[in-house]
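Enquirer: show me how the following folds:
(2 chains)
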Amino acid sequence: MNGYQGNSGKGQGQLAQRFPEVDPSELTRLIIQALSDLGYQRSSDELRDESGLELDSPAINGFIECVRSGDFTNAELKIADLHLINDSDETKRHIVFLIKRQKFLELLYLENSTQEALILLRQEVHELTDTANIRALTSLLMNKDSPELQRSNGWMGDAMLSRDSLLNDISKFIDPNDMIPKQRLFQLLQQSIKYQQSKTLYQFGDEGDRISLYEDVKSNKKNFPDTVHYTLTMHEDEVWYVTFSHDGRYFASASADNHVLLYDAINGFSLLHDLSGHDKQVMHCSFSPDDSMLLTCSFESKAHLWNVQTGELVRTLSLGGDSRIWCSDWFPDGGSFVLGSPDKEIAIFDASSGEVVHRWEGPVVNDLKISRDYKLIAVTYDMNVEVWDLRTKHKVKTLELGQRLTSVSVSDKNPAQILINVSPNELQLWDWSRHILLAKYVGHKQEKFVLRSCFGYDERVILSGSEDGRIFMWNKEYGALLGVFDAHTGNSNCVCWNPRIKSMFASSGDDTIVKIWGPSRTSDSG
Amino acid sequence: MGIRYSTYIDSEKTQATTFGCSGCRTHLSTSGLILSKDYRGHTGDAYLMDQVVNVTLGRREFRTMITGRYLVSDIMCHQCGHRVGWKYHQTDEKNQKFKEGRYILEVNTIVKCK
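Expert: I've put the predicted structure just below:
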């Protein structure tokens, strides 16, 4: 029960009837906190007086005062007065550890006394915690300037920020009635907005659209890309792959007519180059990170490297022998690229010399991608996802999914997230590092063919083709179907999102056609 | 038609050779499934195979061959459409019944794959 019962305001009985979940004195204390957070200290104090409610219990206030002023010895003594959620010796020992760690950090960064910090670590901190924490602090001693290590060990750059962060860490162990978590009212409001957004799936408003606390989040389809803006008809056979360059300036389509076409994606998708040179169907292409080169893979067991500016063939690559080359991707630094083969090979090539610098033999590779943190992610005929670290060349993970995996995309925002086309009739979003299936997307048809999907709209939606020629769009987080578009006859083989224009994507089909999609222009563009 | 999701034949652990389509190297069968090498196709030597994968069947039709009359379909690589042989569906010849449900692969239309 609340130990700091104050004077009830007028009308509280009525409110309690309408909002039985909202405790009036809890809300009042949150308002006192929020006013203080907003910098209205006078009003905050005023409300404290009027309501007779305290923000934190007197014991807590004393404790906070000690931590804020750097009086860590007294802070440790006051731990005994705190109401802990789990009042065990272990919790108390952990809180002591956190306080001593702060002392250690201040010795290290404020007093610049590595020696004293080391003594503290050895004599006092050592017995309080596990080796992992000690090891983390030791590596900080060695690497004083690593911002990553600083943050993970609780040093926020200056004493005040670090002490506040320490209090925030400790607050998790304290009865919330005694110490309200930081910025609690703001957290609640943010949760409420997120909840509303989760119930309102069409969030396709303009970039600057404000969310107002005065009204619920509304559905907005203004920039929902459901309309064909361009139809590109220059291929003479099925189109199997489409992709935008990273800077959004170029667009490439690869076709069973053996040609790759390069378009100007900024000026009405006019044709820049007809890249002809492959003797067989072209099934894959990828732009180099700086968009100066385009790598294309075809059925003839050769990959071609093209100059995007001039359209000239720079180099022809093979895996040696007759191994087919079905997929490729670039290292984020552009210095190397990887070719993957269904004939059980993966090879790293130096981009400037065209020489193989590393080679794996192993599974039949159906598709592969490289994440921005240098992981090579392959989906294999063995129904596995295999992940290699490109820096060490070691395999770091195998996910045995046990279903047919036809293609893979990797998230830019979270490089551990991968989107996989799973046959039959499913897309799966995985976090490979945590081995978690995050979401499934269903509705489309994929039984016999390799179809490709993508993230879109700032990775808020998932898009895939279908063997019935339609395109399906889902909300990424909730898996809800947002739209189904009639796009092609035969398969919709490939879809890709423009990395620069938030509401533009492209699709390609068996009908030899490429379509560029965007928002409908019928409504006023405001 | 799109890019087919193909079946792969793993001959690595067996001593056998994998046969693929000469057009696109899509796996079709393996030397371990050869019933006889003593056949002739449209393009020359041919093998009688117990089983093939990754093919589509053409129209069923009656064909008269040296050994009799058969109901057959041409078989095409499901990826690139190359004609690689035929399938025997049915025959009335009593001593040729063993061919029913079997396939002919023509040597000139296939390649050895690893």
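Enquirer: contacts and neighbour counts: CA atoms only from here.
Expert: Noted.
Enquirer: can you pull the residues of the stretch 351-500 of chain A lying near chain B?
Expert: Within the stretch 351-500 of chain A, the positions adjacent to chain B are A:381, A:406, A:448, A:449, A:450, A:451, A:490, A:491, A:493 by CA under 8 Å from any CA of the partner chain.
Enquirer: now do the contacts for the fourth one.
Expert: With contacts defined as CA atoms under 8 Å, 6 or more residues apart in numbering or on different chains, the neighbours of residue A:449 are A:467, B:2, B:3, B:4, B:5.
Enquirer: and the residue of chain B at minimum distance from chain A, backbone torsions?
Expert: Among the residues of chain B, residue B:4 lies closest to chain A, at 4.3 Å counting by CA to the nearest CA. Torsion angles at residue B:4 (phi, psi; degrees, to the nearest 10) stand at phi -70, psi 150.
Enquirer: isn't it up against residue A:446?
Expert: No: the pair residue B:4 / residue A:446 is not scored as a contact, 10.6 Å apart, by CA atoms under 8 Å.
Enquirer: of these two, which one has the most company?
Expert: Set residue B:4 next to residue A:446 and count neighbours by other CA atoms under 10 Å in any protein chain shown: residue A:446 wins out with 22 against 17.
Enquirer: what about that one, which SS state?
Expert: Applying DSSP: H, G, I helix; E, B strand; the rest coil to residue A:446 yields a three-state assignment of coil.
Enquirer: what does chain B put close to chain A?
Expert: B:1, B:2, B:3, B:4, B:5, B:8, B:24, B:25, B:114.
Enquirer: burial count for the third one?
Expert: Residue B:3 is surrounded by 21 other residues when neighbours are defined as other CA under 10 Å.
Enquirer: now do the contacts for it.
Expert: Neighbours of residue B:3 in contact, by CA under 8 Å, 6+ apart: A:240, A:283, A:449, A:450, A:451, B:79.
Enquirer: same question, the fifth one
Expert: For residue B:5, the contact set (CA under 8 Å, 6+ apart) comprises A:406, A:448, A:449, A:450.
Enquirer: can we see that at 7 Å?
Expert: Residues near residue B:5 by CA atoms under 7 Å, 6 or more residues apart in numbering or on different chains: A:448, A:449, A:450.
Enquirer: for the first one, what are its contacts?
Expert: This means residue A:448. B:4, B:5.
Enquirer: please repeat the previous calculation with a cut-off of 10 Å.
Expert: By CA atoms under 10 Å, 6 or more residues apart in numbering or on different chains, the contact list for residue A:448 reads A:406, A:423, A:424, A:425, A:467, B:1, B:2, B:3, B:4, B:5, B:6.
Enquirer: isn't the first one up against residue A:493?
Expert: This points to residue A:406. No: taking contacts as CA atoms under 10 Å, residue A:406 lies outside contact range of residue A:493: 11.6 Å.
Enquirer: mutual contacts of the two, please.
Expert: Contacts common to residue A:406 and residue A:493, judged by CA under 10 Å, 6+ apart, are A:449, A:450, A:451, A:452.
Enquirer: and of those residues, the nearest to chain B?
Expert: residue A:449 (4.3 Å).
Enquirer: any idea whether the residue sitting nearest the centre point of chain B is helix, strand or coil?
Expert: Nearest to the mean C-alpha position of chain B, counting by CA atoms, centre = their mean, stands residue B:105 at 3.5 Å. Using three-state DSSP, the structure places residue B:105 in strand.
Enquirer: coming back round to it: in strands only, show me the shared contacts of residue A:406 and residue A:493.
Expert: A:449, A:450 (DSSP state E).
Enquirer: let's see stretch B:36-49 as CSV, backbone CA atoms only.
Expert: Taking Å, rounded to 0.1, in the frame of the first residue of the first chain, the C-alpha atoms of stretch B:36-49 are listed here in CSV:
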residue,chain,number,x,y,z
SER,B,36,21.1,-49.9,-69.6
LYS,B,37,23.5,-48.0,-71.8
ASP,B,38,22.4,-49.8,-74.9
TYR,B,39,19.8,-47.4,-76.2
ARG,B,40,19.5,-45.0,-79.2
GLY,B,41,17.8,-41.6,-79.1
HIS,B,42,17.1,-38.9,-81.7
THR,B,43,20.6,-37.5,-81.2
GLY,B,44,22.6,-40.6,-80.7
ASP,B,45,23.5,-42.9,-77.7
ALA,B,46,21.0,-42.9,-74.8
TYR,B,47,20.7,-44.4,-71.4
LEU,B,48,17.6,-46.1,-69.9
MET,B,49,17.2,-44.6,-66.5
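Enquirer: residue 26: how many residues sit nearby?
Expert: The chain I'm using is chain A. With other CA under 10 Å as criterion, residue A:26 counts 16.
Enquirer: wrong chain, I was asking about chain B
Expert: As a burial measure, residue B:26 scores 28 neighbours (other CA under 10 Å).
Enquirer: I'd assumed residue B:76 was in contact with it.
Expert: No: Residue B:26 lies out of contact with residue B:76 (CA under 10 Å); the separation is 11.1 Å.
Enquirer: what do these two both touch?
Expert: B:54, B:55.
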